[in-house]
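*Asks:* My questions are about this predicted structure, shown below with the sequence.
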Amino acid sequence: MTTLPLLPNFLAGRWQTGAGNGTTLLDPVLGTSLVRVSNTGLDLAEGFAFAREQGGDALRALTYKQRAGLLSEIVKVLQANRDAYYEIATANCGTVTKDSAVDIDGGIFTLGYYAKQGEALGDATCLLDGERIRMGKDPVFQTQHVLNPTRGVALFINAFNFPSWGLWEKAAPALLSGVPVIVKPATATAWLTQRMVQDVVDAGILPAGALSVICGSSAGLMDQLQPFDVVSFTGSAETARIIRSHPAVAERSVRCNIEADSLNSALLDPAATEGSEAFNLLVAEVAREMTGKSGQKCTAIRRILVPRAVFDAAAQAIGTKLAKTTVGNPRNEAARMGSLVSREQFDSVTAGIAHLQTEAETLFDGRSATLVDADPTVAACVAPVLLGHRQPAQAKVLHEVEVFGPVATLMAYDDEAQAYALIRRGEGSLVASVYSTDPTFMARAALALADSHGRVHMISPDVAASQTGHGNVMPMSLHGGPGRAGGGEELGGMRALGFYHRRSAVQASSAALDALAVSGTTLKY
Ligand code: NAP
């Protein structure tokens, strides 16, 4: 019988410990056991009903401004406990401090953003969507679209790479909308999510049932969903298929948002030359993106499109930067990059690189370097690998397989139209970035890529210092992408509230609409 702590779940307004030994969470660098999680034996039906009824009623009784106030209180609690979160991230996620910050402080920043935006919605309890529209000749009978918080729960099934941000970027708009949250973090890194929820619950900020956490198996969660509930999934395309085809979604029309994997691109201006400003900006951003969070970002650059004339120079320059990335134990300041989240991911990334190498040449492989303060037979550390293809139109796997680690492929293109066609071979991605000094080209590229990308990120010398990063998801900008990226939409400022509200057309007299407008405020994006 193990003596490792068993993390309790918070469901139906109380802490509940799952039965059995549960699953052990590991330190991916040292290989040591940390804590256990289990939700075996929990009464899920009771927990979902409690959240839906008690949590939902209590949240909807508040105004947007009051709920925004709750978000501000959550920010304070999380800020007060930041040190503990960094310790958990180091131990359970294997991330160096700057990578933990993207997750922890990124989550807190997103909450703070929605707290501020929500306050501006004032004392309303519903949102007015656009102006009234006349229905006929007589102007007295009109239609007003309204957005009301859905009377259900929001179930979040999250990925392992952002245990903090992945919770709060979804919970902030949900709670602001008045919708209770049940989060099921990915098991490998569930500890940070569980601890954050525990701190918020212990602080007594939220009404009972507003925030619940279930750690461990996903079994039975989708079965609980009813027509007014929503589910937001982040993870692999494979699991996304299971979620989408579950009867809750397929038969009960539970609203479903999917953020799945993505083969994001970076595109260098066709006119760029070796050593030009645009060239250097691309090289710096690619190296940063490949190594940030050991490449475990859904938004990381996977394909780098450069004009054929600078292919070799780009390979050389990116490889030189990558060679400076020391990899190893995040507790040692000499390590610039930590580990992957688990030895399973190590195996998956190692196999993935070999798979990509069946099509690509290897331009840089840092894996022979000695790890900093870590045992290569134990630690889930993978050094960066840059692959390349000079005829990428002939490649297949490189446009289809996302290797979730510090891996990207440099591709040569001959003209602008071919570059766009190659990028679209990703069949819909979260983000593409473009590197140029030419505003006209950037505008053309943006419109060529916007329909297949949730975000197009333009990097030119004038924004070099202020640009927020290819892979950084900012709350005011849309996150999500069409096609294989899942077809979802998150964030985008107040746009995020749409997922947690139901739009309805109220057709009535001006007098009735005037009375209704007293409870509402017009939603502005
Ligand atoms: P995953 O294996 O699909 O797992 C994601 C979540 O789904 C986990 O919480 C997992 O629980 C749960 N799950 C597994 N099987 C399930 C089932 N049958 N029914 C319901 N839930 C189930 O993905 P991952 O390996 O954690 O995450 C990596 C992937 O996520 C990458 O491909 C990455 O691109 C993608 N991602 C996308 C975004 C985005 O915003 N677009 C962000 C981050 C990551 P367990 O952990 O308990 O198995």
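*Replies:* Everything's here; your move.
*Asks:* okay, CA-based contacts and neighbour counts for the rest of this
*Replies:* Fine.
*Asks:* Output the top helix by length along the chain as PDB, nothing but the C-alphas.
*Replies:* Counting residues, the longest helix found in the chain (DSSP state H) is helix 97-119. Only the C-alpha atoms of helix 97-119 are listed here, as PDB (Å, rounded to 0.1, in the frame of the first residue of the first chain):
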ATOM      1  CA  THR A  97      10.900  28.900 -14.600                       C
ATOM      2  CA  LYS A  98      10.200  30.900 -17.700                       C
ATOM      3  CA  ASP A  99       8.100  28.100 -19.100                       C
ATOM      4  CA  SER A 100       6.200  27.600 -15.900                       C
ATOM      5  CA  ALA A 101       5.500  31.400 -16.000                       C
ATOM      6  CA  VAL A 102       3.800  31.000 -19.400                       C
ATOM      7  CA  ASP A 103       1.400  28.600 -17.700                       C
ATOM      8  CA  ILE A 104       1.000  30.100 -14.200                       C
ATOM      9  CA  ASP A 105       1.300  33.800 -14.800                       C
ATOM     10  CA  GLY A 106      -0.400  33.400 -18.200                       C
ATOM     11  CA  GLY A 107      -3.400  31.900 -16.500                       C
ATOM     12  CA  ILE A 108      -3.500  34.700 -13.800                       C
ATOM     13  CA  PHE A 109      -3.100  37.400 -16.500                       C
ATOM     14  CA  THR A 110      -6.000  36.000 -18.400                       C
ATOM     15  CA  LEU A 111      -8.200  35.900 -15.300                       C
ATOM     16  CA  GLY A 112      -7.300  39.500 -14.600                       C
ATOM     17  CA  TYR A 113      -8.100  40.500 -18.200                       C
ATOM     18  CA  TYR A 114     -11.600  39.100 -17.900                       C
ATOM     19  CA  ALA A 115     -12.100  40.600 -14.500                       C
ATOM     20  CA  LYS A 116     -11.400  44.000 -16.000                       C
ATOM     21  CA  GLN A 117     -13.500  43.500 -19.100                       C
ATOM     22  CA  GLY A 118     -16.300  42.000 -17.100                       C
ATOM     23  CA  GLU A 119     -16.500  45.000 -14.700                       C
END
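*Asks:* Buried ones in the next helix or strand after that helix, by neighbour count?
*Replies:* Next helix or strand after helix 97-119 toward the C-terminus (DSSP states H and E): strand 126-134. For strand 126-134, a neighbour-count test (16 or more other CA atoms under 10 Å) marks 126, 127, 128, 129, 132 as buried.
*Asks:* What lies in contact with strand 126-134?
*Replies:* With contact meaning CA atoms under 8 Å, 6 or more residues apart in numbering, strand 126-134 is reached by 140-149, 517, 519-523.
*Asks:* hang on, the earlier thing: wondering if the longest helix of the chain reaches the ligand at all.
*Replies:* No. Using CA under 6 Å from any ligand atom, helix 97-119 stays clear of the ligand, coming no nearer than 11.1 Å.
*Asks:* Output the contacting helices and strands for the helix or strand containing residue 70.
*Replies:* Using DSSP H and E, residue 70 maps to helix 64-80. Counting contacts by 3 or more CA pairs under 8 Å, 6 or more residues apart in numbering; DSSP states H and E, helix 64-80 is packed against helix 97-119, helix 165-177, helix 190-202.
*Asks:* mind putting those in JSON lines, mean neighbour count, distance to residue 208 and mean pLDDT included?
*Replies:* Listed next are those as JSON lines, based on neighbours: other CA atoms under 10 Å; distance: least, CA to CA, whole Å; pLDDT from 0 to 100:
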{"stretch": "helix 97-119", "mean neighbour count": "22", "distance to residue 208": "20", "mean pLDDT": "98"}
{"stretch": "helix 165-177", "mean neighbour count": "26", "distance to residue 208": "13", "mean pLDDT": "98"}
{"stretch": "helix 190-202", "mean neighbour count": "22", "distance to residue 208": "9", "mean pLDDT": "98"}
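*Asks:* Now render those helices as JSON lines, adding distance to residue 16.
*Replies:* Shown next, in JSON lines, are the helices and strands packed on helix 64-80 (distance: least, CA to CA, whole Å):
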{"stretch": "helix 97-119", "distance to residue 16": "25"}
{"stretch": "helix 165-177", "distance to residue 16": "20"}
{"stretch": "helix 190-202", "distance to residue 16": "12"}
